[in-house]
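Sharing a model prediction with you, sequence too.
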Amino acid sequence: MTKKSKPTLDEHQDLGRRLASIRDELSRIQVQLSGAYPQTGSASLPARKLIKAREAIDEARSALDNAVFAEHPEGAETTVYYPHPEDRVPPGK
């Protein structure tokens, strides 16, 4: 069986920027849909699904944040998976 290699610190940083950007985009779309459709009933389903998707990304980021500290204690920082807004990947990139 082949041993899987864990992400390098640089790979974790790239994943963190990308996941933070995806979360930001999901939040923007969810707010847009919540303002355009009722908050209840079948018309609210897309916005509610986006909330669930954002929560799933939050859980993944939290678990990966724990992993980066366990795997790379010498270089891990909370900004790896929770980067400052100016360090995130711009939409469409």
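Alright, I've got the coordinates.

what about the nearest residue to Leu19 once chain neighbours are set aside, is that helix, strand or coil?
Leaving aside its sequence neighbours, Leu19 sits nearest to Arg61 (Cβ to Cβ, 6 or more residues apart in numbering; 5.4 Å). Where C-beta positions appear, they are placed from N, C-alpha and C, glycine not excepted. Under DSSP: H, G, I helix; E, B strand; the rest coil, Arg61 falls in the helix class.

For Arg61, give its distance to Lys49.
From Arg61 across to Lys49, the span is 19 Å (Cβ to Cβ, to the nearest Å).

Number of residues surrounding Leu50?
20 (other Cβ atoms under 10 Å).

Next: Gln39.
Gln39 has 9 nearby residues by other Cβ under 10 Å.

What does it show for phi and psi?
phi -80, psi -10 (degrees, to the nearest 10).

Ala60: how many residues sit nearby?
By the measure other Cβ under 10 Å, the count of residues near Ala60 is 14.

Surely it is in contact with Leu19?
Yes: assessed by Cβ atoms under 8 Å, Ala60 is found in contact with Leu19 at 6.8 Å.

if I pick the residue sitting nearest the centre point of the chain, what's in contact with it?
Centroid-nearest residue in the chain, with Cα atoms, centre = their mean: Leu19, separated by 3.2 Å. Applying Cβ atoms under 8 Å, 6 or more residues apart in numbering, we find Leu19 in contact with Ile57, Ala60, Arg61, Leu64, Tyr81.
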